[in-house]
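Asks: Prediction below, plus the sequence it came from.
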Amino acid sequence: MLNAVSFFLTVSVTVTLAIPANQTKSRVGDKPHILLVLIDDLGWANVGYHRHHPAAVHVDTPIIDRLATEGLQLDQHYVNMVCGPSRASLMSGRLPIHVNVDNGTPDLYNPDDPVAGYQGIPPAMTGMAEKLRSGGYATHQVGKWDAGMARTEQTAMGRGFDTSYGYFHHSCNYYTHTALGSCDPPNITDFWENDAPAVLSDTQQGEYVDELYRQRALDIIRNHTGSSPLFLYYAPHVVHMPLQVPYYYWNLFEDIEDECRRNYTAMVKFTDDALNDIVQELKDQNMWENTLLVFSSDNGGPLYEGAGANNYPLRGGKGSNWQGGVRVNAFVSGGYLPEEMHGQEKSGLVALCDWYATFCELAGVDPDDNVMPDDLPNIDSLSMVDFITSMDAESPRTEVPLGPHYMNNQFIGGGGAGLIVYPYKILVGEIGFNGWNGPIYPNTTHECGGGTTGVNEDCGEIGCLFNIEDDPEERHNLNSTLSTVLVRMRERYDEVMLTRFLPNRGTIDPMACEKALDDYGGVWGPFIGVD
C-alpha cells in the first residue's frame with residue numbers, strides 16, 4: 001500500500017479508479033460456493049466482536065462474532081452512506097460515484113434518457129450474477145434488491161439471477177409486506193418472486209418477512225445440486241426501519257428500557273440466528289468446506305430518531321460520510337478461506353464494489369464490462385482474491401471516493417462528499433449527523449436516537465482533513481497543520497469528482513402505480529417496456 005509520502009509523489013500516475021487488469025484464473029483451487037450476506041443498516045457497535053466494553057451485554061451476536069473472529073476481519077471496508085447506492089455499487093462493480101449516488105425511489109423515470117433515466121443500475125450495465133452465471137454458477141437472490149425496478153432488465157432476474165425472492169424499495173412493513181409510495185391507496189405490496197408478484201400461502205400471509213427470506217435461503221441450499229457452484233446473495237430487510245420483530249426476540253431483551261434500542265437489538269439477534277441456520281444448512285449439505293462467506297453492512301448504523309443503531313466509537317452514522325456512515329462491519333469466513341487467514345484481521349482498503357471482480361476471478365471470468373454503451377462508466381472493481389487468501393498480500397485499492405447524497409435528483413443537506421487515500425481522509429461541504437455515540441446508544445439522553453439529527457459540520461470548500469489511522473474517531477481536523485497534505489488531497493478530490501456519473505433519474509412516474517394496481521394485483525413491479 002502507498003504510504004503518505006509516496007502518495008504525494010506519485011498520485012498523478014499511480015492512483016486510479018478503474019481496474020485494467022483482466023484477472024480470469026482463480027489462484028486458490030476449484031470454484032467455491034459463494035454466500036454473500038449484506039445486512040441493512042448494521043451499526044459498527046451492534047455486533048459483539050466490536051464491543052470491548054461492559055455495555056456489550058446489550059449485544060447478542062454469537063454466530064456473527066464466531067464467523068468474524070474465526071475468519072478474516074476487514075477493518076477498513078467501505079460502502080456508500082445510504083443503502084440504494086451501495087447495492088448498485090455491489091451488483092455493478094462500480095464505485096457509487098460511477099453508478100448511482102441517488103437514493104431515490106424505484107418509481108423514477110426520465111423518458112428523455114433511455115440509458116440511465118431510472119433509479120438504480122442503468123439497464124445496459126452487466127450485473128455480478130450475469131458474470132457468475134457465465135462462469136457456471138447457479139445464482140439466487142433473497143431479500144432486499146433496491147438496485148432498480150423500472151425495467152425488467154433492472155430486476156434481480158434481469159441482472160442474471162436464476163431466481164429471486166424479495167422486494168424493490170428501501171424498506172417495507174415486515175408483516176404486511178407493503179411499501180409506501182405515491183399511489184392511492186399508498187400501501188402497495190412489495191414482494192416479487194422471479195418475474196412476477198410473489199404468491200404466498202395462507203400461512204405466509206402476514207408472516208415476518210425475514211422469516212420467509214430465511215426459509216427461502218435454506219430451501220435454495222437444500223435443493224442445490226452438486227453439478228455447479230452456488231452463488232447465494234442473501235440480503236435480509238433487517239435491521240432497517242420500521243423496527244419490527246417477532247415477540248420471541250423482543251422478549252429476550254426485556255432489560256433494555258429504550259424501545260428503539262430493544263427492537264433494534266432483537267432484530268440483530270434474529271439476523272444472527274438466521275445466519276446460524278444458513279451456515280448450518282451448508283454444513284449439513286457438505287458445502288461449507290468449499291464455501292466463501294462475505295459479510296458486510298450496506299452502510300453505517302442510522303442515528304436519526306426512531307432508528308436505534310450505535311456506531312461507537314466512530315463519528316456519525318448513516319446518511320453521512322463520517323466513518324460511522326461508511327466504514328462498516330465486514331469479514332470473510334467459510335471453509336474455502338485458507339487456514340492461515342483464520343482468526344486474522346487486515347486493514348487494507350476494500351470498497352464494496354470490489355467483490356464484483358473478486359468473485360469474477362474465483363469464477364474464472366473477465367470482470368470487464370465490454371458490452372455496454374461507451375457513455376457509461378466501466379467497472380472500478382479490484383479483485384481482492386490475493387488480499388483475502390494471503391497475509392503477505394496488500395490490498396490493491398489505494399483510495400475510496402465518498403460520493404455526495406442525492407434523493408430523487410435533489411442534493412440532501414449534510415450530504416457532502418469526500419475521499420480516502422489511506423491514512424488520510426478529506427471531507428468537503430456540510431457533513432451531517434455530526435457527533436459520537438456513547439457505548440450505550442440510544443440512551444436516556446437521546447431516547448430512540450436523534451441526538452445527531454440536523455447537526456452538521458461545515459467543512460467548507462477547503463475541506464476537513466483527518467488521519468484515520470491515528471485518529472479513527474475523526475476528532476482532530478488537521479487542515480490547519482498539514483496544509484501540503486490538504487492541498488494534495490483537495491486536488492485529488494477535484495480530479496475524482498470530475499468523473500461523477502450524475503444522470504437525471506427523472507420524476508416519480510404514475511405508470512408505476514398504474515401497473516401495480518391494474519396489472520400486478522396491487523404489487524410493485526417493472527413498469528417501463530412491459531406489456
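Replies: Arrived safely.
Asks: residue ranges with poor pLDDT in the stretch 401-531 of the chain?
Replies: Scanning the stretch 401-531 of the chain for pLDDT under 70 picks out nothing.
Asks: Which strand or helix spans Val428?
Replies: Taking DSSP states H and E as the definition, one finds Val428 inside strand 424-431.
Asks: Paired strands for that strand, with orientation please.
Replies: Using DSSP bridges, the strands paired with strand 424-431 in its sheet are strand 415-421 (antiparallel), strand 457-458 (antiparallel), strand 464-467 (antiparallel).
Asks: and among those strands, the most buried is which?
Replies: Ranked by mean neighbour count, the strands paired with strand 424-431 are led by strand 415-421 with a mean of 25 (mean count of other C-beta atoms under 10 Å). No exception for glycine: its C-beta is placed from N, CA and C like everyone else's.
Asks: what's the closest of the strands paired with strand 424-431 to Ser201?
Replies: Ser201 lies closest to strand 415-421 among these, at 42.4 Å (C-beta to C-beta).
Asks: Distance from that closest one to the middle of the chain?
Replies: Mean C-alpha position of strand 415-421 versus that of the full chain (C-alpha atoms, centre = their mean, to the nearest Å) differs by 17 Å.
Asks: Spatially central residue for this protein, please.
Replies: Closest residue to the average C-alpha location of the chain: Asp298 at 2.4 Å, with C-alpha atoms, centre = their mean.
Asks: Leaving out chain neighbours, which residue sits closest to that one?
Replies: Ser86 (4.3 Å; C-beta to C-beta, 6 or more residues apart in numbering).
Asks: Now do the helix or strand hosting the one you found: distance to the chain's middle.
Replies: Per DSSP H and E, Ser86 falls inside helix 83-92. On the basis of C-alpha atoms, centre = their mean, helix 83-92 sits 6 Å off its chain's mean C-alpha point.
Asks: just to revisit the earlier point, isn't the residue nearest to the centre of the chain up against Leu36?
Replies: No. With contact defined as C-beta atoms under 8 Å, Asp298 does not count as touching Leu36 (11.7 Å).
Asks: Please name the residues that touch Glu211.
Replies: If you count contacts by C-beta atoms under 8 Å, 6 or more residues apart in numbering, Glu211 has them with Pro246.
Asks: now Asp258
Replies: Contacts of Asp258 by C-beta under 8 Å, 6+ apart are 308, 442-444, 447-448.
Asks: if I look at it, how far off is Gly325?
Replies: Computed as C-beta to C-beta, to the nearest Å, the Asp258 to Gly325 distance reads 22 Å.
Asks: Over to Tyr312?
Replies: Tyr312 sits 14 Å away from Gly325, going by C-beta to C-beta.
Asks: Give me the more crowded residue out of those two.
Replies: More neighbours surround Gly325 than the other of Tyr312 and Gly325, with 32 against 21 (other C-beta atoms under 10 Å).
Asks: Helix, strand, or coil at the more buried one?
Replies: Put simply, Gly325 is helix when judged by DSSP: H, G, I helix; E, B strand; the rest coil.
Asks: picking that back up, and the strands paired with strand 424-431 as JSON lines, adding distance to Glu394?
Replies: Converted to JSON lines, these look like this (distance: least, C-beta to C-beta, whole Å):
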{"stretch": "strand 415-421", "distance to Glu394": "15"}
{"stretch": "strand 457-458", "distance to Glu394": "32"}
{"stretch": "strand 464-467", "distance to Glu394": "19"}
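Asks: out of those, which comes closest to Gly432?
Replies: strand 415-421 (6.6 Å).
Asks: contacting residues around the closest one?
Replies: By C-beta under 8 Å, 6+ apart, the residues outside strand 415-421 that reach it are 2, 7, 11, 15, 78, 81, 319-321, 349, 398-406, 425-432, 459, 468, 489, 492-493, 496-497.
Asks: List the contacts of His98.
Replies: For His98, the contact set (C-beta under 8 Å, 6+ apart) comprises 17, 377, 380, 499-501.
Asks: Which single one of those residues is nearest to Tyr118?
Replies: Phe501 (13.2 Å).
Asks: and which of the contacts of His98 is nearest to Asn370?
Replies: Lowest distance from Asn370 to the contacts of His98 (C-beta to C-beta) belongs to Pro377, with 13.0 Å.
Asks: re the thing from before, how far away is the residue nearest to Asp298 from Asn290?
Replies: 28 Å.
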